[in-house]
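> A structural model of the following input is requested.
(2 chains)
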Amino acid sequence: DAGVIQSPRHEVTEMGQEVTLRCKPISGHNSLFWYRQTMMRGLELLIYFNNNVPIDDSGMPEDRFSAKMPNASFSTLKIQPSEPRDSAVYFCASSPRWAGDNNEQFFGPGTRLTVL
Amino acid sequence: AQSVTQLGSHVSVSEGALVLLRCNYSSSVPPYLFWYVQYPNQGLQLLLKYTSAATLVKGINGFEAEFKKSETSFHLTKPSAHMSDAAEYFCAVSDRSEKLVFGKGTKLTVNP
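Predicted coordinates for the structure are as follows:
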C-alpha cells in the first residue's frame, strides 16, 4: 500500500501566482481531508469530502481557496491568487469509513508551501 | 462543539524516564479520542485511539492512554522514553462524525 500521496512536496512561488496542490488518497478510502499546519494556528481542517462530494468547507479561509475531487483517486487544493500568509504545510488525509467506529485518518507527507 | 487542550507545548525528558503528555477535551457527546505522532518533515501517524471500549488504550511503540470521563482527560504515557520518541504529539477528538479536532501539539524532546 503506497499510502496517501501528495505532490509537490515543496512549492515556492511568488505572491499573486496560482498554486495547485494534489492528493491521491489510499485506494478504497471514501473520505478525504485537507488540512493546513502553521506554527501560529496549529493543524486546521480546511475541507473534507465523502464519496467525492464536499461535506464541510467551513474551514476554507476565503474565496481564494478552492478544492475539488473529480474522482475517488484524486483531489486538488488551489490557491489563486496566493499570498505570503498562505505559507504553511498542507496535508491531505484519507479515511476508510463514513461515521463509523474506525474513523482513523491516514495522512500524506504534506506539501510545504512558501509564498514570497 | 469539540475542543482539545494540550498542556505544555514543549516537554523534555531524559532517556529512560517516564513520558507524560497531557490532553483535556471538551465534547457535547461521548467522544472518540486519538493520539497522533508527527516526526520531522512527515505526516501524522496514529498512535492509539479510544472508541468507548476499554478505558486504558494501548498503542504502538509502548505508548498508552487512559480515558477519564470525570476529568475529561486522555493523557498519553510511556514508562521509559527512547531517543526515537522525540517528535510532536497531537491529541484529537471526534464527535463520532468524520471530523477530527486537533490540539496544538506537544513537542517531546528526549535527552541522552
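> which ones are touching residue A:65?
A:46, A:77-79 (Cβ atoms under 8 Å, 6 or more residues apart in numbering or on different chains). (Each C-beta comes from the backbone N, C-alpha and C, glycine too.)
> and the residue of chain B nearest chain A?
For chain B and chain A, the shortest gap (Cβ to the nearest Cβ) falls at residue B:43, measuring 3.4 Å.
> just checking, that residue touches residue A:91?
Yes - Residue B:43 lies in contact with residue A:91 (Cβ atoms under 8 Å); the separation is 5.8 Å.
> any common contacting residues for the two?
Joint contacts of residue B:43 and residue A:91 (Cβ under 8 Å, 6+ apart) are A:107-108, A:110.
> quick check, nearest of these to chain B?
Using Cβ to the nearest Cβ, these come closest to chain B at residue A:107, 3.4 Å.
> count of neighbours near the closest residue to that closest one other than its chain neighbours?
Closest residue to residue A:107 apart from its sequence neighbours, by Cβ to Cβ, 6 or more residues apart in numbering or on different chains: residue B:43 at 3.4 Å. By other Cβ atoms under 10 Å in any protein chain shown, the residues close to residue B:43 number 22.
> what about residue B:43, distance to residue A:5?
Remark: distance between residue B:43 and residue A:5 (Cβ to Cβ, to the nearest Å) = 11 Å.
> dump the residue contacts of the residue nearest the centre of chain A.
Closest residue to the average C-alpha location of chain A: residue A:34 at 2.8 Å, with Cα atoms, centre = their mean. Applying Cβ under 8 Å, 6+ apart to residue A:34 gives the contacts A:23, A:45-48, A:67, A:75, A:77, A:90-92.
> of the residues you listed, which is the most crowded?
Of the contacts of residue A:34, with other Cβ under 10 Å as the count, residue A:92 tops at 28 neighbours.
> can you list the low-confidence ranges for chain B?
Within chain B, no range satisfies pLDDT under 70.
> return the residues of it in contact with chain A.
B:32, B:34, B:36, B:41-46, B:49, B:51, B:90, B:94, B:96-105 (Cβ under 8 Å from any Cβ of the partner chain).
> those residues, buried ones only, as a PyMOL selection?
To isolate the buried subset of the residues of chain B next to chain A in PyMOL, counting by 16 or more other Cβ atoms under 10 Å in any protein chain shown, use the following:
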select buried, chain B and resi 32+34+36+43+44+46+49+51+90+94+96+98+99+100+101+102+103+104+105
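> the residues of chain B next to chain A in strands, which ones?
Among these, DSSP state E puts B:32, B:34, B:36, B:44-46, B:49, B:90, B:94, B:101-102 in strands.
> give me the beta-bridge partners of the residue nearest in space to the middle of chain B?
Nearest residue to the geometric centre of chain B (Cα atoms, centre = their mean): residue B:35, 3.6 Å. Residue B:35 has these beta-bridge partners by DSSP bridges: residue B:48, residue B:91.
> surely it touches residue B:44?
No - under the criterion of Cβ under 8 Å, residue B:35 makes no contact with residue B:44, lying 10.0 Å away.
> which residues do the two both contact?
In contact with both residue B:35 and residue B:44: residue B:90, using Cβ under 8 Å, 6+ apart.
> do a quick rundown of the strands in chain A.
So, for chain A - with DSSP E - the strands run A:5-7, A:10-13, A:19-24, A:31-38, A:42-50, A:53-56, A:65-71, A:74-79, A:88-95, A:106-107, A:111-115.
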